[in-house]
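Enquirer: No sequence on hand, only this structure:
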(Lines give C-alpha, C1' and ligand atoms only; values in the text may rest on other atoms or scores of the structure.)
Protein backbone atom coordinates (compact mmCIF):
# COMPACT_ATOMS: atom_id res chain seq x y z
CA UNK A 1 0.00 0.00 0.00
CA UNK A 2 1.53 3.32 -1.08
CA UNK A 3 1.54 6.09 1.51
CA UNK A 4 -0.14 9.30 0.35
CA UNK A 5 1.02 12.84 1.07
CA UNK A 6 -1.93 13.47 3.37
CA UNK A 7 -1.25 10.36 5.43
CA UNK A 8 2.43 11.23 5.64
CA UNK A 9 1.52 14.66 7.00
CA UNK A 10 -0.93 13.19 9.53
CA UNK A 11 1.66 10.73 10.80
CA UNK A 12 4.23 13.51 11.10
CA UNK A 13 1.78 15.65 13.12
CA UNK A 14 1.02 12.72 15.42
CA UNK A 15 4.74 12.35 16.08
CA UNK A 16 5.18 16.09 16.64
CA UNK A 17 2.40 16.42 19.21
CA UNK A 18 3.15 13.15 21.02
CA UNK A 19 6.85 13.89 21.46
CA UNK A 20 6.08 17.48 22.50
CA UNK A 21 4.45 16.10 25.66
CA UNK A 22 7.88 15.06 26.92
CA UNK A 23 9.80 18.19 26.00
CA UNK A 24 7.51 21.16 26.69
CA UNK A 25 8.80 21.29 30.27
CA UNK A 26 12.33 22.24 29.21
CA UNK A 27 11.86 26.01 28.56
CA UNK A 28 9.58 26.41 31.61
CA UNK A 29 11.58 24.45 34.19
CA UNK A 30 12.34 27.59 36.17
CA UNK A 31 8.64 28.50 36.40
CA UNK A 32 7.62 24.99 37.45
CA UNK A 33 10.42 24.93 40.00
CA UNK A 34 9.35 28.23 41.56
CA UNK A 35 5.69 27.22 41.82
CA UNK A 36 6.33 23.72 43.19
CA UNK A 37 9.43 24.56 45.24
CA UNK A 38 11.95 22.41 43.32
CA UNK A 39 15.70 23.12 43.87
CA UNK A 40 17.65 24.11 40.74
CA UNK A 41 19.86 21.02 40.84
CA UNK A 42 16.78 18.74 40.76
CA UNK A 43 14.94 20.40 37.88
CA UNK A 44 16.30 17.88 35.39
CA UNK A 45 14.16 15.16 36.96
CA UNK A 46 11.04 16.86 35.60
CA UNK A 47 12.28 16.13 32.08
CA UNK A 48 13.80 12.78 33.05
CA UNK A 49 10.45 11.48 34.41
CA UNK A 50 8.99 11.48 30.92
CA UNK A 51 12.09 9.79 29.52
CA UNK A 52 11.97 7.04 32.16
CA UNK A 53 8.33 6.39 31.29
CA UNK A 54 9.32 6.38 27.64
CA UNK A 55 11.88 3.61 28.24
CA UNK A 56 9.20 1.48 29.89
CA UNK A 57 6.83 2.08 27.00
CA UNK A 58 9.48 1.27 24.41
CA UNK A 59 10.19 -2.11 25.95
CA UNK A 60 6.59 -3.04 26.83
CA UNK A 61 4.34 -1.34 24.26
CA UNK A 62 6.18 -0.67 20.99
CA UNK A 63 6.69 -4.40 20.22
CA UNK A 64 2.89 -4.70 20.15
CA UNK A 65 3.12 -2.98 16.76
CA UNK A 66 4.50 -6.24 15.35
CA UNK A 67 1.38 -8.04 16.60
CA UNK A 68 -1.71 -5.83 16.34
CA UNK A 69 -3.36 -3.28 14.11
CA UNK A 70 -1.19 -0.19 14.46
CA UNK A 71 -4.00 2.19 13.55
CA UNK A 72 -5.88 1.11 16.68
CA UNK A 73 -2.72 1.12 18.79
CA UNK A 74 -1.88 4.68 17.75
CA UNK A 75 -5.41 5.93 18.44
CA UNK A 76 -5.66 4.34 21.89
CA UNK A 77 -2.16 5.38 22.97
CA UNK A 78 -2.87 8.99 22.02
CA UNK A 79 -5.88 8.98 24.35
CA UNK A 80 -3.90 7.44 27.22
CA UNK A 81 -1.10 9.98 26.73
CA UNK A 82 -3.74 12.71 27.01
CA UNK A 83 -4.75 11.29 30.41
CA UNK A 84 -1.17 11.54 31.67
CA UNK A 85 -0.87 15.10 30.40
CA UNK A 86 -4.02 16.12 32.27
CA UNK A 87 -2.63 14.68 35.53
CA UNK A 88 0.49 16.81 35.03
CA UNK A 89 -1.57 19.89 34.22
CA UNK A 90 -3.52 19.78 37.49
CA UNK A 91 -0.82 18.42 39.81
CA UNK A 92 -0.50 20.41 43.07
CA UNK A 93 2.83 18.85 44.06
CA UNK A 94 6.06 17.66 42.44
CA UNK A 95 5.42 13.95 43.06
CA UNK A 96 2.10 13.99 41.21
CA UNK A 97 3.64 16.00 38.37
CA UNK A 98 6.34 13.34 38.02
CA UNK A 99 3.70 10.59 38.01
CA UNK A 100 1.73 12.36 35.29
CA UNK A 101 4.82 12.98 33.17
CA UNK A 102 6.03 9.39 33.60
CA UNK A 103 2.60 8.07 32.53
CA UNK A 104 2.65 10.44 29.57
CA UNK A 105 6.08 9.14 28.62
CA UNK A 106 4.87 5.52 28.67
CA UNK A 107 2.22 6.25 26.05
CA UNK A 108 4.22 8.84 24.13
CA UNK A 109 5.95 5.84 22.56
CA UNK A 110 3.07 6.10 20.11
CA UNK A 111 5.71 8.06 18.19
CA UNK A 112 7.69 4.91 17.48
CA UNK A 113 4.62 2.87 16.59
CA UNK A 114 3.76 5.65 14.16
CA UNK A 115 7.25 5.72 12.63
CA UNK A 116 7.18 1.94 12.11
CA UNK A 117 3.68 2.17 10.62
CA UNK A 118 4.88 4.86 8.20
CA UNK A 119 7.87 2.76 7.17
CA UNK A 120 5.68 -0.26 6.42
CA UNK A 121 3.17 1.82 4.47
CA UNK A 122 5.97 3.00 2.17
CA UNK A 123 7.49 1.30 -0.83
CA UNK A 124 11.16 0.28 -0.43
CA UNK A 125 12.35 3.03 -2.77
CA UNK A 126 10.68 5.81 -0.76
CA UNK A 127 11.12 4.48 2.77
CA UNK A 128 14.02 6.77 3.61
CA UNK A 129 12.08 9.77 2.31
CA UNK A 130 9.07 8.84 4.43
CA UNK A 131 11.19 8.33 7.52
CA UNK A 132 12.81 11.70 6.91
CA UNK A 133 9.41 13.39 6.71
CA UNK A 134 7.88 11.65 9.72
CA UNK A 135 10.93 12.01 11.96
CA UNK A 136 11.04 15.66 10.94
CA UNK A 137 7.70 15.78 12.73
CA UNK A 138 9.48 14.44 15.81
CA UNK A 139 12.12 17.16 15.68
CA UNK A 140 9.48 19.81 14.92
CA UNK A 141 7.56 18.65 17.99
CA UNK A 142 10.62 18.72 20.24
CA UNK A 143 11.75 22.15 19.12
CA UNK A 144 8.42 23.77 18.24
CA UNK A 145 7.14 22.80 21.68
CA UNK A 146 9.78 25.03 23.21
CA UNK A 147 8.72 28.05 21.18
CA UNK A 148 5.00 27.66 21.89
CA UNK A 149 5.49 26.60 25.51
CA UNK A 150 7.46 29.75 26.22
CA UNK A 151 4.84 32.02 24.66
CA UNK A 152 1.83 30.25 26.22
CA UNK A 153 3.47 30.15 29.65
CA UNK A 154 4.08 33.90 29.58
CA UNK A 155 0.40 34.43 28.70
CA UNK A 156 -1.49 31.87 30.79
CA UNK A 157 1.01 29.88 32.86
CA UNK A 158 2.74 26.53 32.37
CA UNK A 159 -0.33 24.44 33.20
CA UNK A 160 -2.17 25.81 30.15
CA UNK A 161 0.52 24.24 27.94
CA UNK A 162 -0.40 20.76 29.13
CA UNK A 163 -4.14 21.37 28.86
CA UNK A 164 -3.67 22.42 25.22
CA UNK A 165 -1.61 19.31 24.49
CA UNK A 166 -4.32 17.07 25.95
CA UNK A 167 -6.91 18.56 23.61
CA UNK A 168 -4.62 18.07 20.59
CA UNK A 169 -3.95 14.44 21.52
CA UNK A 170 -7.67 13.65 21.70
CA UNK A 171 -8.34 15.32 18.34
CA UNK A 172 -5.48 13.44 16.66
CA UNK A 173 -6.76 10.14 18.02
CA UNK A 174 -10.04 10.70 16.19
CA UNK A 175 -8.23 11.63 12.96
CA UNK A 176 -6.03 8.52 13.11
CA UNK A 177 -8.94 6.15 13.68
CA UNK A 178 -10.96 7.64 10.81
CA UNK A 179 -8.32 8.61 8.22
CA UNK A 180 -5.63 5.91 8.28
CA UNK A 181 -5.95 2.42 6.76
CA UNK A 182 -6.28 -0.70 8.90
CA UNK A 183 -3.03 -2.57 9.53
CA UNK A 184 -4.07 -6.21 9.39
CA UNK A 185 -1.46 -8.92 9.94
CA UNK A 186 -1.29 -12.21 8.06
CA UNK A 187 1.10 -14.00 10.43
CA UNK A 188 0.30 -12.96 13.95
CA UNK A 189 3.06 -13.30 16.56
CA UNK A 190 2.64 -13.82 20.27
CA UNK A 191 3.83 -11.19 22.74
CA UNK A 192 6.49 -13.59 23.99
CA UNK A 193 7.79 -14.15 20.47
CA UNK A 194 7.97 -10.41 19.85
CA UNK A 195 9.83 -9.75 23.12
CA UNK A 196 12.22 -12.63 22.36
CA UNK A 197 13.00 -11.17 18.95
CA UNK A 198 13.52 -7.75 20.57
CA UNK A 199 16.00 -9.26 23.03
CA UNK A 200 17.83 -10.94 20.18
CA UNK A 201 18.51 -7.58 18.57
CA UNK A 202 20.88 -6.68 21.41
CA UNK A 203 23.28 -9.36 20.16
CA UNK A 204 23.58 -7.81 16.71
CA UNK A 205 26.60 -5.49 16.16
CA UNK A 206 24.71 -3.21 13.75
CA UNK A 207 21.84 -2.71 16.19
CA UNK A 208 24.14 -2.19 19.17
CA UNK A 209 26.36 0.32 17.38
CA UNK A 210 23.38 2.35 16.14
CA UNK A 211 21.80 2.19 19.59
CA UNK A 212 24.96 3.43 21.30
CA UNK A 213 25.26 6.23 18.76
CA UNK A 214 21.65 7.21 19.55
CA UNK A 215 22.46 7.14 23.28
CA UNK A 216 25.33 9.61 22.91
CA UNK A 217 23.50 11.62 20.23
CA UNK A 218 20.49 12.36 22.41
CA UNK A 219 22.49 12.72 25.61
CA UNK A 220 24.25 15.60 23.85
CA UNK A 221 20.91 16.90 22.55
CA UNK A 222 19.39 16.73 26.03
CA UNK A 223 22.40 18.46 27.58
CA UNK A 224 21.78 21.49 25.37
CA UNK A 225 18.02 21.78 25.50
CA UNK A 226 17.51 20.86 29.16
CA UNK A 227 20.24 23.22 30.31
CA UNK A 228 20.20 26.16 27.90
CA UNK A 229 17.36 27.95 29.67
CA UNK A 230 19.52 28.32 32.79
CA UNK A 231 22.30 30.58 31.39
CA UNK A 232 19.84 32.46 29.17
CA UNK A 233 17.56 33.32 32.11
CA UNK A 234 20.57 34.38 34.23
CA UNK A 235 22.75 37.47 33.85
CA UNK A 236 23.67 39.22 31.70
CA UNK A 237 20.77 38.19 29.43
CA UNK A 238 17.87 37.52 31.84
CA UNK A 239 15.64 36.45 28.98
CA UNK A 240 11.94 35.73 29.47
CA UNK A 241 10.40 32.29 28.97
CA UNK A 242 9.04 33.32 25.56
CA UNK A 243 12.44 34.65 24.47
CA UNK A 244 14.17 31.46 25.57
CA UNK A 245 11.56 29.37 23.76
CA UNK A 246 12.23 31.35 20.59
CA UNK A 247 15.64 29.68 20.36
CA UNK A 248 13.67 26.64 19.25
CA UNK A 249 13.16 28.44 15.93
CA UNK A 250 16.90 28.20 15.31
CA UNK A 251 16.67 24.50 16.10
CA UNK A 252 13.84 24.12 13.61
CA UNK A 253 15.98 25.69 10.91
CA UNK A 254 18.72 23.16 11.58
CA UNK A 255 16.38 20.19 11.73
CA UNK A 256 14.55 21.12 8.54
CA UNK A 257 17.90 21.55 6.83
CA UNK A 258 18.49 17.85 7.39
CA UNK A 259 15.28 16.65 5.73
CA UNK A 260 17.31 15.34 2.80
CA UNK A 261 18.99 12.81 5.09
CA UNK A 262 16.29 10.29 4.16
CA UNK A 263 17.06 10.70 0.45
CA UNK A 264 20.79 10.28 1.17
CA UNK A 265 19.94 7.07 3.02
CA UNK A 266 17.89 5.82 0.05
CA UNK A 267 20.99 6.43 -2.09
CA UNK A 268 23.08 4.18 0.19
CA UNK A 269 25.01 6.88 2.08
CA UNK A 270 23.37 6.52 5.52
CA UNK A 271 26.50 5.43 7.37
CA UNK A 272 28.64 8.23 5.93
CA UNK A 273 25.97 10.80 6.79
CA UNK A 274 25.95 9.53 10.38
CA UNK A 275 29.71 10.04 10.77
CA UNK A 276 29.66 13.55 9.31
CA UNK A 277 26.68 14.48 11.49
CA UNK A 278 28.43 13.31 14.67
CA UNK A 279 31.51 15.39 13.83
CA UNK A 280 29.28 18.44 13.33
CA UNK A 281 27.53 17.71 16.62
CA UNK A 282 30.82 17.82 18.50
CA UNK A 283 31.86 21.04 16.74
CA UNK A 284 28.54 22.72 17.53
CA UNK A 285 29.43 22.82 21.22
CA UNK A 286 32.27 25.25 20.57
CA UNK A 287 29.64 27.83 19.63
CA UNK A 288 27.00 26.80 22.17
CA UNK A 289 29.53 27.09 24.99
CA UNK A 290 29.56 30.86 24.46
CA UNK A 291 26.03 31.31 25.87
CA UNK A 292 27.15 33.64 28.70
CA UNK A 293 28.87 35.96 26.19
CA UNK A 294 27.27 35.69 22.72
CA UNK A 295 23.69 34.93 21.72
CA UNK A 296 24.67 34.88 18.04
CA UNK A 297 27.09 32.01 18.60
CA UNK A 298 24.43 30.17 20.60
CA UNK A 299 22.07 30.41 17.63
CA UNK A 300 24.79 29.04 15.34
CA UNK A 301 25.44 26.19 17.75
CA UNK A 302 21.75 25.35 18.03
CA UNK A 303 21.30 25.25 14.25
CA UNK A 304 24.31 22.99 13.71
CA UNK A 305 23.41 20.69 16.61
CA UNK A 306 19.84 20.13 15.46
CA UNK A 307 20.91 19.59 11.86
CA UNK A 308 23.39 16.96 13.05
CA UNK A 309 20.93 15.20 15.36
CA UNK A 310 18.22 14.96 12.71
CA UNK A 311 20.59 13.74 9.99
CA UNK A 312 22.13 11.04 12.20
CA UNK A 313 18.78 9.95 13.62
CA UNK A 314 17.13 9.48 10.22
CA UNK A 315 20.19 7.67 8.87
CA UNK A 316 20.27 5.30 11.83
CA UNK A 317 16.61 4.39 11.47
CA UNK A 318 16.95 3.92 7.71
CA UNK A 319 19.78 1.44 8.26
CA UNK A 320 17.87 -0.50 10.89
CA UNK A 321 14.52 -0.73 9.08
CA UNK A 322 16.38 -1.90 5.99
CA UNK A 323 18.18 -4.61 7.96
CA UNK A 324 15.02 -5.75 9.79
CA UNK A 325 12.10 -5.26 7.36
CA UNK A 326 9.82 -7.78 9.12
CA UNK A 327 10.11 -6.41 12.68
CA UNK A 328 10.20 -2.67 12.19
CA UNK A 329 8.26 -1.90 15.39
CA UNK A 330 10.60 -3.96 17.55
CA UNK A 331 13.79 -2.64 16.01
CA UNK A 332 12.71 0.99 16.25
CA UNK A 333 11.41 0.46 19.78
CA UNK A 334 14.67 -1.16 20.85
CA UNK A 335 16.73 1.58 19.19
CA UNK A 336 14.69 4.25 20.94
CA UNK A 337 15.43 2.72 24.34
CA UNK A 338 18.97 4.00 23.83
CA UNK A 339 17.52 7.35 22.74
CA UNK A 340 15.47 7.73 25.92
CA UNK A 341 18.26 6.67 28.25
CA UNK A 342 20.57 9.16 26.58
CA UNK A 343 17.99 11.95 26.77
CA UNK A 344 17.34 11.26 30.45
CA UNK A 345 21.05 11.25 31.24
CA UNK A 346 21.60 14.49 29.35
CA UNK A 347 18.68 16.21 31.11
CA UNK A 348 19.65 15.23 34.65
CA UNK A 349 23.42 15.59 34.22
CA UNK A 350 23.38 19.04 32.60
CA UNK A 351 21.35 20.68 35.38
CA UNK A 352 23.46 19.00 38.07
CA UNK A 353 26.72 20.07 36.38
CA UNK A 354 25.38 23.59 35.84
CA UNK A 355 24.74 24.01 39.56
CA UNK A 356 28.39 23.09 40.21
CA UNK A 357 30.39 24.66 37.37
CA UNK A 358 28.00 26.78 35.30
CA UNK A 359 27.35 26.57 31.57
CA UNK A 360 31.02 25.89 30.77
CA UNK A 361 30.72 22.56 32.57
CA UNK A 362 27.42 21.72 30.86
CA UNK A 363 28.89 22.53 27.43
CA UNK A 364 31.92 20.35 28.10
CA UNK A 365 29.58 17.53 29.08
CA UNK A 366 27.59 17.90 25.85
CA UNK A 367 30.78 17.82 23.79
CA UNK A 368 31.97 14.68 25.57
CA UNK A 369 28.69 12.96 24.72
CA UNK A 370 29.07 13.96 21.06
CA UNK A 371 32.64 12.66 20.94
CA UNK A 372 31.42 9.40 22.50
CA UNK A 373 29.03 8.97 19.59
CA UNK A 374 31.75 9.74 17.06
CA UNK A 375 34.09 7.22 18.69
CA UNK A 376 31.35 4.56 18.63
CA UNK A 377 30.75 5.20 14.92
CA UNK A 378 34.49 4.97 14.17
CA UNK A 379 34.93 1.71 16.07
CA UNK A 380 31.84 0.19 14.46
CA UNK A 381 33.23 0.88 10.99
CA UNK A 382 36.55 -0.71 11.91
CA UNK A 383 34.77 -3.79 13.24
CA UNK A 384 32.73 -4.10 10.06
CA UNK A 385 35.80 -3.65 7.89
CA UNK A 386 37.70 -6.33 9.86
CA UNK A 387 34.80 -8.75 9.46
CA UNK A 388 34.67 -8.08 5.71
CA UNK A 389 31.07 -6.89 5.70
CA UNK A 390 29.54 -3.55 4.80
CA UNK A 391 28.57 -1.05 7.47
CA UNK A 392 25.86 0.52 5.33
CA UNK A 393 23.14 -2.08 4.84
CA UNK A 394 20.61 0.25 3.32
CA UNK A 395 21.60 -0.34 -0.30
CA UNK A 396 19.95 -3.77 -0.71
CA UNK A 397 16.66 -2.40 0.60
CA UNK A 398 14.82 -2.73 -2.67
CA UNK A 399 15.59 -6.44 -2.94
CA UNK A 400 15.25 -7.51 0.69
CA UNK A 401 12.13 -5.68 1.77
CA UNK A 402 8.66 -6.80 0.83
CA UNK A 403 6.40 -4.08 -0.51
CA UNK A 404 3.21 -3.79 1.46
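Expert: Nice, I can see it. Only a predicted model underlies this, so the values are computations on that prediction, with no experimental measurement involved.

Enquirer: Show me what the longest helix seen in the chain is packed up against.
Expert: If you go by DSSP state H, the chain has its longest helix at helix 328-387. The contact analysis (3 or more C-beta pairs under 8 Å, 6 or more residues apart in numbering; DSSP states H and E) places helix 328-387 against helix 44-60, helix 110-121, helix 191-201, helix 205-227, helix 229-233, helix 270-288, helix 295-323. Heads up, the C-betas are built off the backbone N, CA and C, glycines and all.

Enquirer: Go ahead and measure how far the last one is from the middle of the chain.
Expert: Centre-to-centre, helix 295-323 and its host chain are 11 Å apart (C-alpha atoms, centre = their mean, to the nearest Å).

Enquirer: In a markdown table: the helices and strands packed on helix 328-387, plus mean pLDDT, mean neighbour count and distance to residue 164.
Expert: Listed next are the helices and strands packed on helix 328-387 as a markdown table, based on pLDDT from 0 to 100; neighbours: other C-beta atoms under 10 Å; distance: least, C-beta to C-beta, whole Å:
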| stretch | mean pLDDT | mean neighbour count | distance to residue 164 |
| --- | --- | --- | --- |
| helix 44-60 | 84 | 24 | 17 |
| helix 110-121 | 84 | 28 | 18 |
| helix 191-201 | 81 | 15 | 34 |
| helix 205-227 | 93 | 26 | 20 |
| helix 229-233 | 88 | 22 | 20 |
| helix 270-288 | 94 | 22 | 29 |
| helix 295-323 | 90 | 25 | 24 |
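
Enquirer: Same list, those helices, but as TSV with distance to residue 102 please.
Expert: As requested, these are exported to TSV (distance: least, C-beta to C-beta, whole Å):
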stretch	distance to residue 102
helix 44-60	4
helix 110-121	15
helix 191-201	22
helix 205-227	16
helix 229-233	22
helix 270-288	28
helix 295-323	24
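
Enquirer: Tell me which of those sits nearest to residue 183.
Expert: When these are compared by C-beta to C-beta, helix 110-121 sits nearest residue 183, at 6.4 Å.

Enquirer: which other helices and strands contact that closest one?
Expert: Short answer (3+ C-beta pairs under 8 Å, 6+ apart): helix 110-121 packs on helix 5-23, helix 70-89, helix 127-156, helix 295-323, helix 328-387.

Enquirer: how many other residues sit next to residue 178?
Expert: For residue 178, the count of nearby residues is 9 (other C-beta atoms under 10 Å).

Enquirer: how near is it to residue 14?
Expert: 13 Å (C-beta to C-beta, to the nearest Å).

Enquirer: now do residue 52
Expert: Taking C-beta to C-beta, one finds residue 52 at 22 Å from residue 14.

Enquirer: mind listing what residue 281 touches?
Expert: Residues near residue 281 by C-beta atoms under 8 Å, 6 or more residues apart in numbering: 217, 220, 304-305, 308-309, 312, 370, 373-374.

Enquirer: Indicate which one of the helices and strands packed on helix 328-387 is closest to residue 255.
Expert: Using C-beta to C-beta, the nearest of the helices and strands packed on helix 328-387 to residue 255 is helix 295-323, at 4.5 Å.

Enquirer: Who are the packing partners of the closest one?
Expert: Contacts defined by 3+ C-beta pairs under 8 Å, 6+ apart place helix 295-323 against helix 110-121, helix 127-156, helix 205-227, helix 247-257, helix 261-266, helix 270-288, helix 328-387.

Enquirer: orientation of that helix relative to helix 247-257 in degrees?
Expert: Angle, helix 295-323 to helix 247-257, by axes from the mean of the first three to the mean of the last three C-alpha atoms, to 10 degrees: 40 degrees.

Enquirer: so helix 295-323 versus helix 270-288, what angle?
Expert: 160 degrees.

Enquirer: show me what contacts residue 135?
Expert: Residue 135 is in contact with 15, 115, 310, 313-314, 317, counting by C-beta under 8 Å, 6+ apart.

Enquirer: again with residue 246
Expert: Taking C-beta under 8 Å, 6+ apart, we find residue 246 in contact with 147, 150.

Enquirer: repeat that with 6 Å
Expert: Residue 246 makes contact with residue 147 under the criterion C-beta atoms under 6 Å, 6 or more residues apart in numbering.

Enquirer: quick one on the thing from earlier: include distance to residue 237 when you put the helices and strands packed on helix 110-121 into CSV, please.
Expert: Converted to CSV, those look like this (distance: least, C-beta to C-beta, whole Å):
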stretch, distance to residue 237
helix 5-23, 22
helix 70-89, 28
helix 127-156, 14
helix 295-323, 7
helix 328-387, 11
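
Enquirer: need the least confident one among the ones you listed, by mean pLDDT.
Expert: Ranked by mean pLDDT, these end with helix 127-156 at the bottom, a mean of 80.

Enquirer: tell me the angle of that helix relative to helix 5-23?
Expert: Using the same axes, to 10 degrees: helix 127-156 against helix 5-23 is 50 degrees.

Enquirer: So for helix 127-156, what gets flagged as buried?
Expert: 127-154 (16 or more other C-beta atoms under 10 Å).

Enquirer: tell me the angle of that helix relative to helix 205-227?
Expert: Computed by the same axes, to 10 degrees, the angle separating helix 127-156 from helix 205-227 equals 20 degrees.

Enquirer: Skipping adjacent residues, who's closest to residue 363 in space?
Expert: residue 289 (3.6 Å; C-beta to C-beta, 6 or more residues apart in numbering).

Enquirer: What pLDDT does the model give that neighbour?
Expert: Value for residue 289, per-residue pLDDT: 95.
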